[in-house]
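> Give me the fold of what follows.
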Amino acid sequence: MKRLFNGDDRFYIVRIFGLWYLILALVLCQGAGSVTVSAASSSVTSDSIKEKEEQISQKKEEKESLKDGLSNLQEIKKKLEAQKENLKNYVETLDSSLKEIEQRIAGLKREIEVKEDEIHVTEAELEAAREKEEAQRVSMGVHVRLVYETGTPSLLDMMLKSESFGSFLNKMDYVEKMAAYDRQMWQDYMAAREYVQLCRDELELEKEILDEAKESVEAEQRNLEELIEQKKNDIISYETDISNKEKAISEFEEEIRAQEAEIKLLEAAVAEEKKKLLEENRKVITYDGGMFKFPLATYTRVSDDYGNRIHPTLGVEQFHNGVDFAAPKGTAIYAAYDGEVVAASYSATMGNYVMINHGDGLYTIYMHASALYVQKGDMAVKGETIAAVGSTGRSTGNHLHFSVRLNGSYVFPWNYLKQ
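Numbers count the residues shown, from 1 in each chain. Model prediction:
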């Protein structure tokens, strides 16, 4: 013993004992229930933990933004109040607000779909993290049992059995590597546990965001319904008010003239385009005489037919240039026949509308839509969904106003419709 450990060799003795006590401490900690897998099999790193923490931080901001993004109904009503003296401006302002809310609802529904997909991904990630943690627990259990069953040689035993100081140091180097291995196992296990908890936190937060988004949709739907009801009541009130009667009739007639002028401009543009195509010997759209497809997926009733009628609120005789089909908001509106979309736009009278050229001077017009799914220049196929039923423009309830024009004049739609 004196030969092996004289003078400077005491430095090594201190080092060896320090390492051995570290090993014993690790074994005791592991025996108390600490579990993990080897460094080589662990995929959890400080970078992956940091990335998960950043994702959680972003999702917290996302949750807060949902609350801030809701429409301010009182502010909208205040803005509308200033427009009530001019029905046209009022309708345009209100429809603009309704469109913003509709877009907000559509955006929220898309967010809900994305969030549901993200939740599925996070659930799978959490399950994988749990499986890894369980694998670590089993692996550590095997490791602890093996150490316990095989036993650990004492320092004195290793010194006595060492053939030389070099042999002793080799054995201690092995012990040190084992200690480093166990330290890494412990660190990996703690990282895995932290990652599992972060996955749980992220999943919980995503579910909260999903609930928040669903509540926001419900709140926006209530805002939408309240504004639509207000629009209906305000239009009726404006048109039936005796003091406004003459003004309302004059405005309505002016709007109908403006509507007619707008449609005639579209027809003139189509005629000019047809002339150009003929001069270039190119094919033009022609109508083959077939019957139209009914323009709605479902409908409740004909709320107002084609022809002269007494206006329901103005109380004056008025020519109704189409058929009104009452239908729930969002009901699909179909292209009645093949043709080219020459307008997909908005006006205060027609609301959101689509106009289709079927050739040979024949057009169909679809008014008051809540949403448009085509744009000018599109080729529409008979039966294709081009819009959705709504109550935009000068309208007091959800319906489709369907008109047919031939050679610049409105004609009886039932001559073309196939129910």
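
> Check for me that Pro328 belongs to a helix.
No. Using DSSP: H, G, I helix; E, B strand; the rest coil, the secondary structure at Pro328 is coil, not a helix.

> From Thr385, how far out is it?
15 Å (CB to CB, to the nearest Å). No exception for glycine: its C-beta is placed from N, CA and C like everyone else's.

> neighbours around Tyr337, how many?
23 (other CB atoms under 10 Å).

> secondary structure class for it?
Tyr337 ends up coil, using three-state DSSP.

> any chance you could read off phi and psi for it?
phi -160, psi 170 (degrees, to the nearest 10).

> Same question for the one 4 residues further on.
Summarising the backbone geometry of Val341 under the convention degrees, to the nearest 10, its torsions are phi -70, psi 120.

> next one: the one 5 residues further on
In this entry, Tyr346 is assigned phi and psi values of phi -130, psi 140 (degrees, to the nearest 10).

> from memory it sits against Asn352, does it?
Yes. Counting by CB atoms under 8 Å, Tyr346 does reach Asn352; the two are 5.3 Å apart.

> When the two are compared, which one has more neighbours?
Per other CB under 10 Å, whichever of Tyr346 and Asn352 has more neighbours is Asn352, with 22 against 17.

> For the more buried one, which three-state class applies?
With three-state DSSP as the criterion, Asn352 reads strand.

> Identify the contacts common to Tyr346 and Asn352.
392-393 (CB atoms under 8 Å, 6 or more residues apart in numbering).

> Would you map the helices across the chain?
With helices called from DSSP state H, the chain shows them at 10-31, 46-68, 73-81, 87-150, 155-161, 165-240, 245-279.

> Nearest spatial neighbour of Ile209, chain-adjacent residues omitted?
Lys63 (4.9 Å; CB to CB, 6 or more residues apart in numbering).

> That neighbour: what's it in contact with?
205, 208-209, 212.

> Of those, just the buried ones, ChimeraX syntax please.
Restricted to buried positions by 16 or more other CB atoms under 10 Å, the ChimeraX selection for the contacts of Lys63 reads:
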select :205,209,212
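
> ok, so of the contacts of Lys63, who is nearest Arg104?
Glu212 (13.9 Å; CB to CB).

> Does that closest one touch Leu66 like I think?
Yes. Counting by CB under 8 Å, Glu212 does reach Leu66; the two are 4.8 Å apart.

> tell me the centre residue of the chain?
Arg110 (1.7 Å; CA atoms, centre = their mean).

> and that residue, how far is that from Ala369?
Taking CB to CB, one finds Arg110 at 20 Å from Ala369.

> circling back to that earlier point, for the helices of the chain, which has the smallest mean pLDDT value?
Lowest mean pLDDT of the helices of the chain: helix 10-31, a mean of 42.

> Among the helices of the chain, which comes closest to Gly290?
Nearest to Gly290, of the helices of the chain and by CB to CB, is helix 245-279 at 19.9 Å.

> Can you dump the C-alpha atoms of stretch 271-283 in CSV for me?
This file holds the C-alpha atoms of stretch 271-283, laid out as CSV (Å, rounded to 0.1, in the frame of the first residue of the first chain):
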residue,chain,number,x,y,z
ALA,A,271,-73.0,42.7,-76.6
GLU,A,272,-69.8,44.6,-77.4
GLU,A,273,-67.8,41.5,-76.5
LYS,A,274,-70.0,39.3,-78.6
LYS,A,275,-69.6,41.7,-81.6
LYS,A,276,-65.8,41.5,-81.2
LEU,A,277,-65.8,37.7,-81.0
LEU,A,278,-68.0,37.5,-84.2
GLU,A,279,-65.6,39.8,-86.1
GLU,A,280,-62.7,37.6,-85.1
ASN,A,281,-64.7,34.5,-86.1
ARG,A,282,-64.5,33.1,-82.5
LYS,A,283,-67.1,31.1,-80.8
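
> what does that stretch contact?
Residues outside stretch 271-283 that contact it (CB under 8 Å, 6+ apart): Val284.

> and that stretch, which residues are buried?
Neighbour-count burial for stretch 271-283 [16+ other CB under 10 Å]: Lys274.

> same question, stretch 320-333
Those buried within stretch 320-333 under the rule 16+ other CB under 10 Å are 320-327, 329, 331-333.

> cool, and stretch 407-416?
Across stretch 407-416, burial judged by 16+ other CB under 10 Å covers 410, 413, 416.

> what's the answer for stretch 86-105, then?
Result for stretch 86-105 [16+ other CB under 10 Å]: buried residues 87-88, 90-95, 97-99, 101-102, 104-105.
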